[in-house]
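1. show me the folded form of this:
(chains A and B)
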There are 2 protein chains.
Amino acid sequence: MTMRKIQIVEVGPRDGFQPIKDFIPTEQKFEFIDRLYAAGLRRMEAGAFVSTSAVPQMADAPEILAHCARYADLDVQMLVPTGRQAERALQAGAGHIAFVMSASPAHNQSNVRRTPEESVEEFALLVSELPSEVKVRINLATSFDCPFDGPVAQDAVLQILARLSEITPAAEIALCDTTGRVTPDRVSALFARAVSEIPQVGGWAFHGHDTYGLGVANALAAMGEGVTVIDSAFAGLGGCPFAPGATGNVATEDLVWTLDAMGVETGIDLDRLLTASLQAERIPGAATGGRVRNALRAKLTEAV
Amino acid sequence: MTMRKIQIVEVGPRDGFQPIKDFIPTEQKFEFIDRLYAAGLRRMEAGAFVSTSAVPQMADAPEILAHCARYADLDVQMLVPTGRQAERALQAGAGHIAFVMSASPAHNQSNVRRTPEESVEEFALLVSELPSEVKVRINLATSFDCPFDGPVAQDAVLQILARLSEITPAAEIALCDTTGRVTPDRVSALFARAVSEIPQVGGWAFHGHDTYGLGVANALAAMGEGVTVIDSAFAGLGGCPFAPGATGNVATEDLVWTLDAMGVETGIDLDRLLTASLQAERIPGAATGGRVRNALRAKLTEAV
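-> As a prediction, this is how the structure comes out:
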């Protein structure tokens, strides 16, 4: 591992909060975002512009976006699954959108009722209408494994990646392990091919879940292939409501603890982060994960 | 990862049970050993010959050993920290002893009231008196990190390893991450040096804890350096009573799930193993760990 600096994208306010049934008061979300910012996080997936009837937890995305605007150096990406939702995001002032689609047909149908090809074409149209100053990231869900279809073929993913990178070479692409079932060898293998076969991509990112305890191991595997942007959620919150069994993103504190121990710079204050993560346990209905929070709980409980 | 076969040493009956305060009835230990054997485990650290006043949980080591004798193809290693305890083990019929000592002075003092050098000399004496048919393994605790002294210098570990391998070139040596604080890069680095600088060793093994969630990641790192023997405990039981904060061995089911997914052979039936692990939750005072048991709980609860 020669990498000495990693950018963490805190996805707790989106992927972490999204599956929680009880609506988290918007003011409380602001507080968490403030705490995460204070801990040093400078990039967040802070919310999603999605169907507010299907995902009511994300209904306050415009307010979240407005709140984040107070932090000039915070890179705020807002998730959008369709062109229509991208319009809503732009109207609300989004400067960075994360377009989500799934590599596997069954998951994409379940999520947005489109084939992957239809989503790619929708993305092309979306990009063509996007103001040039708006940054774009692509979250390619089920890049490795689908809750319905099982393992996803590398060639199918690479075909989608090639087409996406033609549409917008500047975009960062996150390969997402939606189910948490991928192993480090397969993370390495797919990124190795993606990096060498599609060199024109703006940047690569990895988004992993910790369902089977491999969240950090998979992130390290991605880093080993040169990936410098890693998604994670404080307190290991998260899971996709449309992916049965996909519990919990890799915990930001687990990732930061590991990178600290390896001498890799993240710019994040672990103690402050842990304080936010301990408070996340109090969110009604939140399922938390990860190990570092428990290992260091005794040391930190006084601070909360 | 080119390795296609890994031998797992199930250390639950020793490292897993040892820190549990309430004595587990010997008959119940037999049942767990039977279940683990039925799941396909063919090597176990089944108990320890240690001070029965300091570690009463291990007082039934002779009975455990006698029970295990019914399985002709089960390789049973019994932990011993001193020559005197090795004598007890041999008298009870042990055919494989695991001599434990710590690389760090403070931990070795705390554990056996000897300097590492004194333990090495005790080991030399022990080996000289050992019948030639008795197999020997060395568990070198705190090979990476000490709960009292912090990170342990590679050179100090390599000096001890060189001396140990002179004493008994045929012995397998397990480098143990006692605190769970080592990261995969350091596991790789120490094994790379050990394998190249001390080539005459009988075999290398890795023993990791999952306190910070890196148990499987560290095992994979060891495997990447050619290590083919990995210790783990069912249900992630364990922790060393003399190592503050060292909670939980890496869970055997997490390791087996990962190796299965990677196409690496272990000879273990995951469902049977998970059934034993779910039952371990009922042991009074047991602290369990790992992720796979929870991820697959729903699928398996009926079987228990």
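
2. would you verify that A:S232 is located in a helix?
-> No - secondary structure of A:S232 (DSSP: H, G, I helix; E, B strand; the rest coil): strand, not part of a helix.

3. what's across from it in the sheet?
-> A:E10 (DSSP bridges).

4. and what of A:A48?
-> So, taking DSSP bridges as the rule, A:A48 has A:L79 as bridge partners.

5. centre of the chain to the worst-scoring helix or strand of chain A on mean pLDDT, how far?
-> Sorting the helices and strands of chain A by mean pLDDT, DSSP states H and E puts helix A:297-300 at the bottom, at a mean of 74. Centroid separation for helix A:297-300 versus its chain: 27 Å, with Cα atoms, centre = their mean, to the nearest Å.

6. surely A:K21 touches A:A287?
-> No - assessed by Cβ atoms under 8 Å, A:K21 is found out of contact with A:A287, at 10.8 Å. Where C-beta positions appear, they are placed from N, C-alpha and C, glycine not excepted.

7. mean confidence for stretch A:16-26?
-> The pLDDT scores in stretch A:16-26 average 95.

8. would you mind listing the buried residues in that stretch?
-> A:16-20, A:23-24 (16 or more other Cβ atoms under 10 Å in any protein chain shown).

9. what's the closest of those to A:P151?
-> A:P19 (23.7 Å; Cβ to Cβ).

10. what does that closest one show for phi and psi?
-> A:P19 adopts backbone torsions of phi -80, psi 0, taken as degrees, to the nearest 10.

11. mind pulling up the pLDDT for the closest residue to A:H67 other than its chain neighbours?
-> The shortest distance from A:H67 to any residue other than its chain neighbours is 5.0 Å, reached at A:F30 (Cβ to Cβ, 6 or more residues apart in numbering or on different chains). At A:F30, the predicted lDDT confidence score is 98.

12. now for A:F30, how many residues are close by?
-> Neighbours of A:F30 under the rule other Cβ atoms under 10 Å in any protein chain shown: 18.

13. what do you get for A:E281?
-> 14.

14. give me the phi and psi angles of it.
-> According to degrees, to the nearest 10, A:E281 has phi -60, psi -20.

15. what's the distance between the residue lying closest to it once chain neighbours are set aside and A:H207?
-> Leaving aside its sequence neighbours, A:E281 sits nearest to A:T288 (Cβ to Cβ, 6+ apart; 5.5 Å). Distance of A:T288 to A:H207, computed by Cβ to Cβ, to the nearest Å: 18 Å.

16. if you count surrounding residues, which of those two has more?
-> Comparing A:T288 with A:H207 by other Cβ under 10 Å, the one with more neighbours is A:H207, at 29 against 20.

17. coming back round to it: hang on, the residue nearest to A:H67 in a helix?
-> Yes - the assignment for A:F30 is a helix, going by three-state DSSP.

18. let's see the strand or helix carrying A:M223 as PDB, backbone CA atoms only.
-> Take DSSP states H and E as the rule and A:M223 turns out to sit in helix A:215-224. Extracted C-alpha coordinates of helix A:215-224, given in PDB (Å, rounded to 0.1, in the frame of the first residue of the first chain):
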ATOM      1  CA  GLY A 215     -16.100  -3.600   4.500                       C
ATOM      2  CA  VAL A 216     -12.600  -2.400   5.500                       C
ATOM      3  CA  ALA A 217     -10.800  -5.300   3.800                       C
ATOM      4  CA  ASN A 218     -12.600  -4.600   0.600                       C
ATOM      5  CA  ALA A 219     -11.800  -0.800   0.800                       C
ATOM      6  CA  LEU A 220      -8.100  -1.700   1.300                       C
ATOM      7  CA  ALA A 221      -8.300  -4.000  -1.700                       C
ATOM      8  CA  ALA A 222      -9.700  -1.100  -3.800                       C
ATOM      9  CA  MET A 223      -6.900   1.200  -2.500                       C
ATOM     10  CA  GLY A 224      -4.400  -1.400  -3.600                       C
END
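
19. do it and chain B meet at all?
-> Yes - looking at helix A:215-224 against chain B by Cβ under 8 Å from any Cβ of the partner chain, the contacts come from A:215-217, A:220.

20. got the angle between that helix and helix B:215-224?
-> 40 degrees (axes from the mean of the first three to the mean of the last three Cα atoms, to 10 degrees).

21. contacts for helix A:215-224, please.
-> Residues outside helix A:215-224 that contact it (Cβ atoms under 8 Å, 6 or more residues apart in numbering or on different chains) are A:1, A:3, A:6, A:175, A:177, A:180, A:182-185, A:187-188, A:191, A:204, A:206, A:208-210, A:230, A:232, A:236, A:248-251, A:254-255, A:258, A:264, A:290, B:184, B:213-214, B:216-217, B:220.

22. check the buried residues of stretch A:16-26 and tell me the two furthest apart.
-> So, the buried residues of stretch A:16-26 by Cβ to Cβ: farthest apart are A:G16 and A:F23, at 14.3 Å.

23. chain B contacts on the stretch 201-304 of chain A?
-> Residues of the stretch 201-304 of chain A lying close to chain B (Cβ under 8 Å from any Cβ) are A:210-217, A:220, A:245, A:247, A:251, A:254, A:257-258, A:261-262, A:289-292, A:295.

24. and those residues, which of them are in strands?
-> Using DSSP state E, no member of these falls in strands.

25. related to what we said a few turns ago, so which bits of the least confident helix or strand of chain A are buried?
-> So for helix A:297-300, nothing qualifies as buried (16+ other Cβ under 10 Å).

26. and stretch A:197-204, by the same measure?
-> A:198, A:201, A:204.

27. just give me the closest of these to B:A170.
-> Using Cβ to Cβ, these come closest to B:A170 at A:W204, 46.9 Å.

28. the closest one against A:S165, yeah?
-> No - using Cβ under 8 Å, A:W204 is not in contact with A:S165, being 10.6 Å away.

29. distance of A:S51 from A:L79?
-> 12 Å.

30. for A:M262, grab the count of nearby residues.
-> 17.

31. what's the answer for the one 3 residues further on, then?
-> A:E265 is flanked by 12 other residues according to other Cβ under 10 Å.

32. and it, what does it touch?
-> A:4-6, A:259.

33. helices along chain A, start to end?
-> A:26-38, A:61-68, A:83-91, A:105-112, A:116-128, A:154-167, A:184-197, A:215-224, A:252-261, A:270-280, A:292-295, A:297-300 (DSSP state H).

34. among those helices, which is the most enclosed?
-> helix A:215-224 (a mean of 27; mean count of other Cβ atoms under 10 Å in any protein chain shown).

35. tell me the angle that helix makes with helix A:252-261.
-> 50 degrees.

36. and helix A:215-224 with helix B:184-197, angle?
-> Using the same axes, to 10 degrees: helix A:215-224 against helix B:184-197 is 70 degrees.

37. pLDDT on helix A:215-224, on average?
-> Averaging pLDDT residue by residue across helix A:215-224 gives 98.

38. what residues are shared contacts of A:W204 and A:S165?
-> Shared contacts of A:W204 and A:S165 (Cβ under 8 Å, 6+ apart): A:I173.

39. settle this for me: A:G285 is touching A:K21, isn't it.
-> Yes - taking contacts as Cβ under 8 Å, A:G285 lies within contact range of A:K21: 5.2 Å.

40. next up, the contacts around A:Y71.
-> A:Y37.

41. quick one: it from chain B, how far?
-> 30 Å (Cβ to the nearest Cβ, to the nearest Å).

42. ditto for A:V127
-> Counting by Cβ to the nearest Cβ, the gap from A:V127 to chain B is 36 Å.

43. what about that residue, distance to B:P25?
-> Taking Cβ to Cβ, one finds A:V127 at 67 Å from B:P25.

44. what about A:G213, how many residues nearby?
-> Other residues close to A:G213 by other Cβ under 10 Å number 33.

45. nearest spatial neighbour of it, chain-adjacent residues omitted?
-> B:R291 is the one closest to A:G213 (Cβ to Cβ, 6+ apart), at 3.4 Å.

46. alright, that wraps it up for me.
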